[in-house]
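Asker: Just to be clear, the model below is a prediction. Sequence and coordinates:
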Amino acid sequence: MRRLFHGLLVTAFLIMGWTLPADAQRRDSSNVDLIARSLHAGQEFRAFDVQGSRAYAISQETVWIFDTNPDFFVDPIDTLHIGGNLASIVYNDGGTEFSNDQFMVYVGSADGRLFSIDTGDDVTDELSLLNEQMIGGHSQELSLGTDYLIVGQNSSIRMFDWTTDPEAPAELGDFSTFALIDMYYDGTNNIYYTGYPGPLHFRSISDPENPGEEYTLEGYGATRMHYDTNWAVADSNMFRIFESINEFATPIDSGETEGVINDVSVWAPNDPTIYMTLHDDGFAYWQDHSGLWEDFRLSGYYNLSIPMHQVERIDDYNPLVMVAAYEEMMIFEHTEGLVDVEEEGENPATPSDYALSSVYPNPFNPTLHAVVELPNSADLEVALYNIEGRRVADLVDTRLQAGSHRFTFNGDGLASGIYLLRAVVPGQLNQARRVVYMK
């Protein structure tokens, strides 16, 4: 669960066919559509947790279920008023622990209560209160793992056993923190957390009754963080990529934004992508162009001039990202077809040579990226051939301006095997790379 600092006052409007501001267009915003939906009038929202086709959200006194399908996002599916000063929410599908296919959310409040709420199933989607217990403190962050429910509070992080009695988690242990900002639990043994002011800290909770020693990532500030294959750690208007977090870790890449980063989210099943919201400065996403997490470049930017807060990828299969703004919920969609052509980076330097500079990932399934460098305007042809020399796909055949150009190919429909990707500029470039498609 990613905490939402500001709420959402819902209005009743629908934005379709959004035209990018001029500033966003200058910042390489191709292949992205923005769909903004209102949710429901008269409530201020504080946090949400996305699980596939559902988003579970909280306002000050109410729990909500919304459909994340953009065509049906206007109205809530169900609501449950439980009162109090709600602050955090996390979803629990329970695995095999729950009987009767029970699904739940845990909700933390600023007045010391922890709620267990039945969310029904994909057919009923009916919210009902299962249990309310007083645990004390302001529960501003919740995270769930295989065995433990982690409750992050301003001055402490507390571990609860949820497996014995899912409706009434029992506290196992805690440790002190200072001015908690963000928290990440790897689901098993380790907790990572940031506070103000200060860097990123981490410790083991393999024995939650006796948490391990605190360690610190030295030399780098940290406010927000997220993990998927690698780490993205944000501090003010900087983000850094780490392969792992330890006392002596150093970043393998970094980037700088023009606004303060409010939230950051990593998505890596196919193309490593970092989504971020910027305070009073919109939404941006950066994509890796090396295949090694070492060359992230700005790929999309929307300056909406309103506070943007929580960001979360909806799922691993549809290119949809949910963003919470101060008074709105927004969905960004990456509109990639069979082939996508886009300029690389933000005002990149003109390449010095013609080259098929990068092809990744390799092997691929099903998406393959290729980067071609053009020092001058040129007629470029990029095609895929099988091992028998037969041309099986055209990625591009057109005239392009000087610069670095990235092409995206979807291999759905191809047979597994070895292929040759060839880039040709008449009289200047005839270069091929061997690639492997593995289903």
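Answerer: Cool, the structure landed. Numbers count the residues shown, from 1 in each chain.

Asker: now what about stretch 182-191, what contacts it?
Answerer: 3, 141, 143-148, 150, 152, 157, 192-194, 202-206, 223-227 (Cβ atoms under 8 Å, 6 or more residues apart in numbering). C-beta coordinates here come from the backbone N, C-alpha and C atoms, glycine included.

Asker: what about 6 Å?
Answerer: Residues outside stretch 182-191 that contact it (Cβ atoms under 6 Å, 6 or more residues apart in numbering) are 141, 143, 145-146, 150, 152, 192-194, 204-206, 224-225.

Asker: Looking at those, which two lie furthest apart in space?
Answerer: Ser206 and Arg224 (25.6 Å; Cβ to Cβ).

Asker: Break this structure down into its structural domains.
Answerer: 2-335, 341-437 (automatic domain parsing).

Asker: Let me know which of the ones you listed is tucked in deepest.
Answerer: Between these, domain 2-335 has the highest mean count of neighbours, a mean of 18, where neighbours are mean count of other Cβ atoms under 10 Å.

Asker: chain center to it, what's the gap?
Answerer: In this view, domain 2-335 has its centroid 8 Å away from the chain centroid, taken as Cα atoms, centre = their mean, to the nearest Å.

Asker: where does this protein have low pLDDT?
Answerer: 1-43, 70-75, 94-102, 122, 269-270, 280-281, 307, 316-319, 327, 334-349 (pLDDT under 70).

Asker: can you map out the helices along this structure?
Answerer: Secondary structure of the chain (DSSP state H): helices at 22-26.

Asker: State the distance from the residue nearest to the spatial centre of it to Arg313.
Answerer: Note on the chain: the residue nearest the mean C-alpha position is Ser265, at 3.3 Å, using Cα atoms, centre = their mean. Distance check for Ser265 against Arg313: by Cβ to Cβ, to the nearest Å, it reads 6 Å.

Asker: Please report the distance of Val436 from Ser143.
Answerer: In terms of Cβ to Cβ, Val436 sits 38 Å off from Ser143.

Asker: whoops, I mixed them up, Met330
Answerer: For Met330 relative to Ser143 (Cβ to Cβ), the value is 24 Å.

Asker: Asn92 now?
Answerer: Asn92 is 11 Å from Ser143, by Cβ to Cβ.

Asker: Please apply the same query to Asn190.
Answerer: 11 Å.

Asker: same thing with Tyr302?
Answerer: Tyr302 is 29 Å from Ser143, by Cβ to Cβ.

Asker: swap in Ser265?
Answerer: 14 Å.

Asker: cool, and Asn210?
Answerer: Asn210 is 20 Å from Ser143, by Cβ to Cβ.

Asker: With Glu256 instead?
Answerer: Taken as Cβ to Cβ, the span from Glu256 to Ser143 is 29 Å.

Asker: just Gly389 next, same as before
Answerer: Using Cβ to Cβ, we find Gly389 at a distance of 53 Å from Ser143.

Asker: got it, and Phe409?
Answerer: 37 Å.

Asker: likewise Gly255?
Answerer: Distance from Gly255 to Ser143, by Cβ to Cβ: 26 Å.

Asker: now swap in Pro211 and tell me
Answerer: 15 Å.

Asker: ok, now Asp161?
Answerer: 14 Å.

Asker: same thing with Gln428?
Answerer: For Gln428, the distance to Ser143 - Cβ to Cβ - is 53 Å.

Asker: contacting residues around Asp118?
Answerer: Met104, Ser128, Leu130.

Asker: Bridged to the first one, which residues?
Answerer: What that stands for is Met104. Beta-bridge partners recorded for Met104 (DSSP bridges): Asn92, Asp118.

Asker: so it makes contact with Asn92?
Answerer: Yes: here Met104 reaches Asn92: they are 4.7 Å apart, a contact under Cβ atoms under 6 Å.

Asker: thought Thr181 was touching Ala222?
Answerer: Quick fix: residue 181 reads Ile, not Thr. No: the criterion here is Cβ under 6 Å, and Ile181 misses it with Ala222 at 8.5 Å.

Asker: hey, what's in contact with both of those two?
Answerer: Contacts common to Ile181 and Ala222, judged by Cβ under 6 Å, 6+ apart, are Thr194.

Asker: Specify the beta-bridge partners of the closest residue to Val424 other than its chain neighbours.
Answerer: Using Cβ to Cβ, 6 or more residues apart in numbering and skipping the chain neighbours, the partner closest in space to Val424 is Glu381 (4.7 Å). For Glu381, the beta-bridge assignment (DSSP bridges) gives partners Asp397, Val424.

Asker: Okay, Glu381 and Leu420: tell me how far apart.
Answerer: 14 Å.

Asker: what sits in contact with each of these two?
Answerer: With Cβ under 6 Å, 6+ apart, Glu381 and Leu420 have no common neighbours.

Asker: quick one, what contacts Asn430?
Answerer: Val424.

Asker: and Ser143, what does it touch?
Answerer: Contacts for Ser143 (Cβ under 6 Å, 6+ apart) come out as Ile150, Tyr185.

Asker: what's across from it in the sheet?
Answerer: Bridge pairing for Ser143 - DSSP bridges - gives Ile150.

Asker: Same check on Ser176?
Answerer: What pairs with Ser176, by the bridge criterion (DSSP bridges), is Ser156.

Asker: My read is that it contacts Ile157, right?
Answerer: No: between Ser176 and Ile157 there is no contact under Cβ under 6 Å: 8.3 Å.

Asker: Sweet, I'm off.
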